[in-house]
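# next comes the sequence, and after it the predicted model I'd like to discuss.
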Amino acid sequence: MSSTSAAPPRNVGVIIPCLEEEDAIGACVAAVLATGVGEVIVVDGQSRDLTAERAAAAGATVVIEPMRGYGRAMLSGLAALSPTSTIVLFIDGDGSDRPELIPAVLAPIEHGHADFVLGSRLRGEREPGSLAMSQLMAGQLAGLLIRLLYGVRFTDMSPFRAIRRDVLDRLGMTETSFGWNLEMQMRVAAAGLRVVEVPVGQRRRAGGTSKVAGNWRSAGRAAWVLVRSFCRLAWRLRRDGRPAPRPLRSR
């Protein structure tokens, strides 16, 4: 889809988790607001730099999350959204995602074609060095496992994604770790929701240090969390007797 789509309506709330990304967050917030979304919530994990101050100066509502955890930051951001935000968009604050593609990511939901949209970094144009091999492998492995279990094809676990808020509220998200993105995709697939993928590519980060792929130790830890989360959630969904959804094909 083209990034020249009409500007998003004001009922879109954006959540950006951050930790020590002062070099990138101001420009990121400004670029996101320039697309016409209704509100931007930056969840800061008690950064020791000027991340929170620069996010606020750029126009974001800043929430300070005292406890670490990617999923915990997302849950705090959701709690801070206004009731008028009926579509929720998630994007990273390090400059690696392209805010100009927000209209393209939102379009399938706005046009009634999807409940959940994943921005695929693997299907878009990627700058050299923007994704580590561990990130590529994790996304492909998760996509394979979800497809085997639920018949839904994902090519990535990109943080750049959008979902109808009423749908998200019904998913029952619980992960407080890096397993948040995986949990959302598994729950979406298990529920048989309408899924669309949009190519978004990836840029090299403009600031901060990756909390997942900065080195092989952190990448290994993140991979272990994802595998553990997958097994635990697959067992939980099976235990709860969720009906097996019909196979879907993401676009």
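On my side now, so go ahead.
# I'd like to check which residues are in contact with residue 140.
Listed by CB atoms under 8 Å, 6 or more residues apart in numbering, the contact set of residue 140 reads 122, 155. In this view, the C-beta of every residue, glycine as well, is placed from N, C-alpha and C.
# what's the per-residue pLDDT of it here?
At residue 140, the model reports a pLDDT of 77.
# likewise for the one 4 residues further on?
Per-residue confidence at residue 144 stands at 85 (pLDDT).
# that one and residue 231, how far apart?
From residue 144 over to residue 231 the distance is 14 Å, taken as CB to CB, to the nearest Å.
# what residue lies at the spatial centre of the protein?
Centroid-nearest residue in the chain: residue 159, 2.7 Å away (criterion: CA atoms, centre = their mean).
# for it, helix, strand, or coil?
Per DSSP: H, G, I helix; E, B strand; the rest coil, the secondary structure class of residue 159 is coil.
# try residue 94
coil.
# same question, residue 153
With three-state DSSP as the basis, residue 153 sits in coil.
# so it touches residue 142, yeah?
No - counting by CB atoms under 8 Å, residue 153 sits too far from residue 142 to count as a contact (11.3 Å).
# tell me which of these two has more neighbours.
residue 142 (22 against 17; other CB atoms under 10 Å).
# mind saving the C-alpha coords of the helix or strand that that one is a member of as CSV?
Element membership for residue 142, per DSSP states H and E: helix 133-150. Below are the C-alpha coordinates for helix 133-150, written out as CSV (Å, rounded to 0.1, in the frame of the first residue of the first chain):
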residue,chain,number,x,y,z
MET,A,133,20.4,-12.1,11.9
SER,A,134,18.9,-13.1,15.2
GLN,A,135,16.0,-10.8,14.7
LEU,A,136,15.4,-12.2,11.2
MET,A,137,15.5,-15.7,12.4
ALA,A,138,13.2,-15.1,15.4
GLY,A,139,10.6,-13.6,13.2
GLN,A,140,10.7,-16.4,10.7
LEU,A,141,10.6,-19.1,13.4
ALA,A,142,7.7,-17.5,15.2
GLY,A,143,5.9,-17.2,11.8
LEU,A,144,6.4,-20.9,11.1
LEU,A,145,5.2,-22.0,14.5
ILE,A,146,2.1,-19.8,14.3
ARG,A,147,1.3,-21.1,10.8
LEU,A,148,1.6,-24.7,11.9
LEU,A,149,-0.7,-24.2,14.9
TYR,A,150,-3.3,-21.8,13.5
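# what's the spacing between the closest residue to residue 53 other than its chain neighbours and residue 233?
Nearest in space to residue 53, with sequence neighbours left out and distances taken as CB to CB, 6 or more residues apart in numbering, is residue 22 at 8.0 Å. Counting by CB to CB, the gap between residue 22 and residue 233 amounts to 34 Å.
# any idea how far the helix or strand containing residue 88 is from the chain center?
Per DSSP H and E, residue 88 falls inside strand 87-90. The chain centroid and the centroid of strand 87-90 are separated by 8 Å under CA atoms, centre = their mean, to the nearest Å.
# other SSEs contacting that strand?
strand 12-18, helix 102-110, strand 161-164, helix 165-171 (3 or more CB pairs under 8 Å, 6 or more residues apart in numbering; DSSP states H and E).
# now render those as JSON lines, adding mean pLDDT and mean neighbour count.
Shown next, in JSON lines, are these (pLDDT from 0 to 100; neighbours: other CB atoms under 10 Å):
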{"stretch": "strand 12-18", "mean pLDDT": "97", "mean neighbour count": "27"}
{"stretch": "helix 102-110", "mean pLDDT": "97", "mean neighbour count": "23"}
{"stretch": "strand 161-164", "mean pLDDT": "98", "mean neighbour count": "23"}
{"stretch": "helix 165-171", "mean pLDDT": "96", "mean neighbour count": "15"}
